[in-house]
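1. Could you work out the structure for the sequence below:
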Amino acid sequence: MSSADQSGRRLPPCSEEAERGVLGSALIESERVIELCSMRELSAESFYIPAHRILFEQLSAMYQNARPIDLLTVGEHLKQNGHLEQTGGHGFLEGLIDSTPTSAHAEYYIDLVRQKHLLRRIITQAAEAIDQCYTEDDAEELLSRTEEAFFELGDQKTSSSEAWKEAVKKAMAQIDQSHLPSGVPTGYKSLDKQLRGLHNTDMIVLAARPSMGKTSLAMNIAEHAALGRNAEKRKYAVGVFSLEMGQEQLVRRMLFSKAGVPAWKDFISQTDHGRLVSAADQLGKAEIFIDDSAGLDIMDLRARARRMKRLYSVDLIVIDYLQLLYDKRSQRDGRQQETASISHGIKAMAKELNLPVLVLSQLSRAPEQRDGKPRLSDLRDSGAIEQDADVVLLLQRKAYYKEPDAVDTEEDTLAVVDVAKHRNGPTGEVEMNFFKDYTRFEDRDTRHGVDSGLPAE
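-> Predicted coordinates:
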């Protein structure tokens, strides 16, 4: 319940008793209590009462400088800095000790001060949003900024020794199961062996020239993750931002790909129809959430991704594709700077939401001069994409560049995914099969070249 002053105005949330408890505990047992404050990210700004803020700042400075902390030393330093009278003098310091008989409850006091500070920050953020509503015309951009600001307030985590112990245990568990991907599996054995899955906070760039099949590969990975095509049979929720294709077109493409039926056929046989029904039944159970809004601003994309994470707990986000995004704040600085800003925003989003983001990207025309062989330097519009990405996959199909009258060979299905950058692992080429009629990628049997049978499971 909020308190009010004599005029009836509501006072900001605060607890004078808890603030005094923290300060009194720090005077009694400075090392433990100030360390606790540091671990719980309690700062001078966390205190509402000015005198308390000044005293905590003085205590922190003395602790950092390894100065002894007691009534006499603290009072002397406050006097030297001209703050003794501002805090209430020696009587105020003695009163803190008297009102705090023990420091055993310091953690409770610290948590209460943190909670009150968070409430005040929420009020401040909400007030700023209200003021901006009266001065700005772009409601969508304001909503995105406000949502991001509130998300940051709620996402602040405190560190502790327990968190470190849990991190060590988790890492050891992954080492014990090193034969399994430690991130969201792609569903391709050869690719997962190289990447160990798609990891949280990572920005994975899948780049290729037009018509190489990058959208097909990305959607095949999304399908595998959502349907549990991995050693653990675990199913993942996948969010897809399709800036190029509409939802209906994308779903239709996934159905035909899953069924192993050419989408261009004029006549659907009974067998093909049965495969499509089976594919529809499987895909209908998958947790895939598609946003097909065109021409998204990067801030709008991040706001939508936050909502998707909050509402559906998605484990992986796919963006098709980067060059179709824009950033209204950087447009005047040229396309290169704008692309860099978009790339930075996607990487920040991956860290903010703690999930992998698979983003598709176009390549420049340079590979055309090398029989389709792409390089990292071919990433279109900005070198920032290469810098921000944790993993860069360059897709190529040699058959695309062959002469029209060339004899058909196993090379017709060969697709090469070049892991050109891998921040936390090895690089190298991975061979796969691409079935153009089904727009589907499959693992390649290196002993026999082309996998036998239809791509559909």
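2. host element of the spatially most central residue of the chain?
-> Residue closest to the average C-alpha location in the chain (CA atoms, centre = their mean): A350, at 2.1 Å. Element membership of A350, judged by DSSP states H and E, is helix 335-353.
3. Just the mean pLDDT for that helix, thanks.
-> For helix 335-353, mean pLDDT is 88.
4. Please point out which parts of it sit buried.
-> 337-347, 349-350, 352-353 (16 or more other CB atoms under 10 Å). (Each C-beta comes from the backbone N, C-alpha and C, glycine too.)
5. between those, which is closest to Y438?
-> I346 (29.6 Å; CB to CB).
6. quick one: contacts for the closest residue to the residue nearest to the centre of the chain other than its chain neighbours?
-> Using CB to CB, 6 or more residues apart in numbering and skipping the chain neighbours, the partner closest in space to A350 is V357 (4.3 Å). Applying CB atoms under 8 Å, 6 or more residues apart in numbering to V357 gives the contacts D202, M203, I204, L316, I317, V318, I319, I346, K347, M349, A350.
7. The residue nearest to the centre of the chain touches L198, doesn't it?
-> No. With contact defined as CB atoms under 8 Å, A350 does not reach L198; the gap is 10.1 Å.
8. Three-state assignment for S361, please.
-> Recorded secondary structure, S361: strand (DSSP: H, G, I helix; E, B strand; the rest coil).
9. what residues go with each domain of the chain?
-> 10-178, 182-443 (automatic domain parsing).
10. and those, which one's lowest on average pLDDT?
-> Among those, domain 10-178 scores lowest, at a mean of 83.
11. Run a quick neighbour tally on H77.
-> Using other CB atoms under 10 Å, H77 has 18 other residues around it.
12. Which other helices and strands does the host helix or strand of it contact?
-> Using DSSP H and E, H77 falls within helix 71-80. For helix 71-80, the elements it packs on are helix 50-64, helix 84-87, helix 89-99, judged by 3 or more CB pairs under 8 Å, 6 or more residues apart in numbering; DSSP states H and E.
13. want to try CSV for the ones you listed, with mean neighbour count and distance to A208 as columns?
-> Below are the helices and strands packed on helix 71-80 laid out as CSV (neighbours: other CB atoms under 10 Å; distance: least, CB to CB, whole Å):
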stretch, mean neighbour count, distance to A208
helix 50-64, 18, 53
helix 84-87, 17, 65
helix 89-99, 15, 66
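14. Now for the residue nearest to V314 when sequence neighbours are not counted: which residues touch it?
-> Nearest residue to V314, sequence neighbours excluded (CB to CB, 6+ apart): G239, at 4.1 Å. By CB under 8 Å, 6+ apart, the contact set of G239 is F289, D291, A305, M308, K309, Y312, V314, L316, I317, V318.
15. Mind doing that once more with 10 Å?
-> The contact partners of G239, taken as CB atoms under 10 Å, 6 or more residues apart in numbering, are 222, 287-291, 304-305, 307-309, 311-319, 353, 355, 357.
16. List every C-alpha atom in stretch 123-133, with coordinates, as CSV.
-> Provided in CSV are the C-alpha atoms of stretch 123-133 (Å, rounded to 0.1, in the frame of the first residue of the first chain):
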residue,chain,number,x,y,z
ILE,A,123,7.3,4.4,-12.2
THR,A,124,10.0,6.6,-13.8
GLN,A,125,10.0,4.6,-17.0
ALA,A,126,6.2,4.6,-17.2
ALA,A,127,6.1,8.4,-16.6
GLU,A,128,8.7,8.9,-19.4
ALA,A,129,6.5,6.8,-21.7
ILE,A,130,3.5,8.9,-20.9
ASP,A,131,5.3,12.2,-21.5
GLN,A,132,6.6,10.9,-24.9
CYS,A,133,3.1,9.9,-25.9
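17. Show me how far it is from its chain's centre.
-> 26 Å (CA atoms, centre = their mean, to the nearest Å).
18. Only the buried residues of that stretch, if you could.
-> Quick answer for stretch 123-133 (16+ other CB under 10 Å): A129.
19. Out of the domains of the chain, which one sits most buried?
-> domain 182-443 (a mean of 18; mean count of other CB atoms under 10 Å).
20. that older thread, I'd like to know how far the residue nearest to V314 sits from S293.
-> As for G239, its distance to S293 is 13 Å (criterion: CB to CB, to the nearest Å).
21. so what sits against both of those two?
-> Joint contacts of G239 and S293 (CB under 10 Å, 6+ apart) are R304.
22. which SS state does M432 fall under?
-> strand.
23. Let the chain start at 324 from now.
-> OK, 324 is where the count begins now, so the last one is M755.
24. right, and it touches D766 too?
-> Yes. Between M755 and D766 there is a contact under CB atoms under 10 Å: 6.6 Å.
25. Identify the spatial nearest neighbour of A707, chain neighbours not counted.
-> Using CB to CB, 6+ apart, the nearest residue to A707 is A663, at 3.6 Å.
26. again, but for L573
-> Counting by CB to CB, 6+ apart, the residue nearest L573 is S565, at 5.4 Å.
27. quick one, what contacts that neighbour?
-> S565 neighbours (CB under 10 Å, 6+ apart): 538, 541-542, 572-573, 613-617, 641-644, 647.
28. tell me the phi and psi of it?
-> For S565, the backbone dihedrals are phi -100, psi 100 (criterion: degrees, to the nearest 10).
29. Bridged to it, which residues?
-> D643 (DSSP bridges).
30. any idea which of the contacts of V680 is the one closest to L606?
-> V641 (15.2 Å).
31. So that closest one belongs to a strand, correct?
-> Yes. Counting by three-state DSSP, V641 falls inside a strand.
32. That one touches H547, doesn't it?
-> No. Using CB under 10 Å, V641 makes no contact with H547, being 12.0 Å away.
33. intersection of neighbour lists for those two?
-> Contacts common to V641 and H547, judged by CB under 10 Å, 6+ apart, are V561.
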